[in-house]
Structure formats: C-alpha cells, structure tokens
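*Asks:* fold the following and give me the result.
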Amino acid sequence: IAVIDKEYAVTIDDAKTSFDFTLNSSVLSATLSLAMLLVGLRYLSFQASPTIWLPWLLKVFVFAVMAYWFYFLTIGRAKNWGIMFKGAFDLYRLELLKRLGYTRKPATLAMERFLWNDIFQQLVFGDSPAIPLAQFDLKTVFAMPKLDQGMPSGGHMETARGISVASNNGSVVVTLKIKNVDTRGRKAQAVVVMDTIPEGFAYQWNSAWRFNSADQIEVLGTNPMQFQIGDVLHGQTALVHYRIAPMKSI
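*Replies:* Numbering: from 1, shown residues only. So this is what the prediction gives:
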C-alpha cells in the first residue's frame, strides 16, 4: 500500500506541476502583452515608420495569443489534476476516516455519505449549535432522512435499540426508537433506519411495523437491514418493531 500511495502521490504532484506551469505561463504572457501595449501607447508614435510600430504590435499580439493558448491548456490540466485528486480520495477515503479517528467502517454508502457530510460541515464551518458533530464510532442503529443530491434532506436523528424476552422458539422482537432532534426544526423526510442483526439470527419476513402508523414499512438489504419508515416530524419519536429468529429454527 505504501508503494501505491507513493506512486499515486507522485502522479498527483506531476498533474499539479503541469497545471502550475500552464497557469503561470498564461499569467506571465498576459502580463507581458499588457505591459508592452501600455508602454507602446505611451512612447510610440503611429506617425513614425511602420518598421517601428509593426514589430511592437506583432509582439503584443503574439504574447496575447500565447496567454490564451496557455489558459486553454490550463483548463485541461486543472481537470486532470481534479480527477487524480478525486481518484486518490475515493481509493483511500476509508483509511482517511481511520486517521481522523472514525474507527468503525460505515456499513452502507448512505451511512458513509452522511458521515462525510457531518465531517465537512464541521471542518468548513466549525462547531455549530445547529449541526450535530459526527460520531467517531457509528452506532449499530443508524437513522437517516433521504438524500437530496448527496446531502440529507433534513433532520438529525437520535436512535436507541432494545429487545423483548425471547419466545419459546427463540425468536426475539427488536424495538428501534428514532427521534428527530434537528435543531433547525426540520421534518425528516423518507427516513431510512438501518440495524445490524446479530450473528446466528435472521429477519422474520413481514414482521416489521411502526407503532401508531398504518404506513407499510418497506424492508431492504440483508445485514444491516434497512427499514423505510416514512417521515418523522421535528421532536417526534418513531418506534419500529421487527422480529428476528435463530437460524437453527428456520
């Protein structure tokens, strides 16, 4: 991994160096063109011989063309540099999470995006009373409103998990508590709750239901399970129940 990291770092540095060269060349060419134009207008007379002011105009034009050409190259170099940087982040983002202290690997891409969004908000804007800080160790139960262009549509959720006494056949009823504690007073829309089933158990089909709600809960995934429970108003608590059964009894 260290060898790959070193090779990738060299490639990114090469892309950055190429970008810097074309950008500096464009700026310098534009500066020279403008300086020569201003000096010529100040000191040259157009009543003089064309052999004096034609070379001056030609130099101004050449440097202006060079400035535009280098600028055109800079756009491509910037794009390549951005692609390399994005690729490096995509490859090593989980390792970066560990270096930042977030020890638990997100179970789904949605959980990872939600975590990176919280980290981004804190790094860019600092601690905010309106935005909860990201958790270093993600909980087993994870609730998240729907994503709008990769960003949560509203609501920050508190979760809790409990179980009932096992029945005679060993099945257990799991209860998930989800509360919308968003400090902006927003409604959490199309909330998805994810829970990891203990090893040796399986989800009992059609056993998921939301307390005091007639809405059908759609269940997706395997482990973690994903329960789509609908909207949760600000300050509201939603209770979700489902049953798991030991694999040996299936």
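*Asks:* let me see the confidence value for the residue nearest to residue 220 when sequence neighbours are not counted.
*Replies:* Distances taken as CB to CB, 6 or more residues apart in numbering place residue 226 nearest to residue 220, at 4.3 Å, with adjacent residues excluded. C-beta: built from backbone N, CA, C; applies to glycine. Per-residue pLDDT puts residue 226 at 86.
*Asks:* how is residue 226 assigned, secondary-structure-wise?
*Replies:* Secondary structure state of residue 226, per DSSP: H, G, I helix; E, B strand; the rest coil, is strand.
*Asks:* hmm, it is touching residue 192, no?
*Replies:* Yes: assessed by CB atoms under 8 Å, residue 226 is found in contact with residue 192 at 5.6 Å.
*Asks:* out of these two, which sits in the more crowded spot?
*Replies:* Looking at residue 226 and residue 192 with other CB atoms under 10 Å, you find the greater number of neighbours at residue 192, namely 21 against 18.
*Asks:* pull up the gap between the more buried one and residue 219, please.
*Replies:* Residue 192 sits 11 Å away from residue 219, going by CB to CB, to the nearest Å.
*Asks:* ok, back up a step: tell me what the residue nearest to residue 220 is bridged to.
*Replies:* Using DSSP bridges, the bridge partners assigned to residue 226 are residue 194, residue 220.
*Asks:* please pull out the lowest mean pLDDT helix or strand from the protein.
*Replies:* strand 151-152 (a mean of 52; mean pLDDT, DSSP states H and E).
*Asks:* still on that earlier bit, return every residue with contacts to both of residue 192 and residue 219.
*Replies:* Here residue 192 and residue 219 share the contacting residues 226, 227, 228, scored by CB atoms under 8 Å, 6 or more residues apart in numbering.
*Asks:* apart from its chain neighbours, what residue comes closest to residue 30?
*Replies:* Leaving aside its chain neighbours, residue 30 sits nearest to residue 67 (3.7 Å; criterion: CB to CB, 6+ apart).
*Asks:* helix/strand/coil for residue 184?
*Replies:* coil.
*Asks:* next, count neighbours for it.
*Replies:* Around residue 184 there are 10 other residues, counting by other CB under 10 Å.
*Asks:* how near is it to residue 235?
*Replies:* 12 Å.
*Asks:* quick check: which ranges of the chain have low pLDDT?
*Replies:* 1-10, 45-48, 104, 107, 127-140, 146-155, 249-250 (pLDDT under 70).
*Asks:* which residues of it fall in strands?
*Replies:* 142-144, 147-148, 151-152, 157-163, 172-180, 188-195, 201-203, 209-210, 218-220, 225-232, 237-246 (DSSP state E).
*Asks:* what's the closest of those strands to residue 103?
*Replies:* Across the strands of the chain, residue 103 has its closest neighbour in strand 142-144 (15.3 Å, CB to CB).
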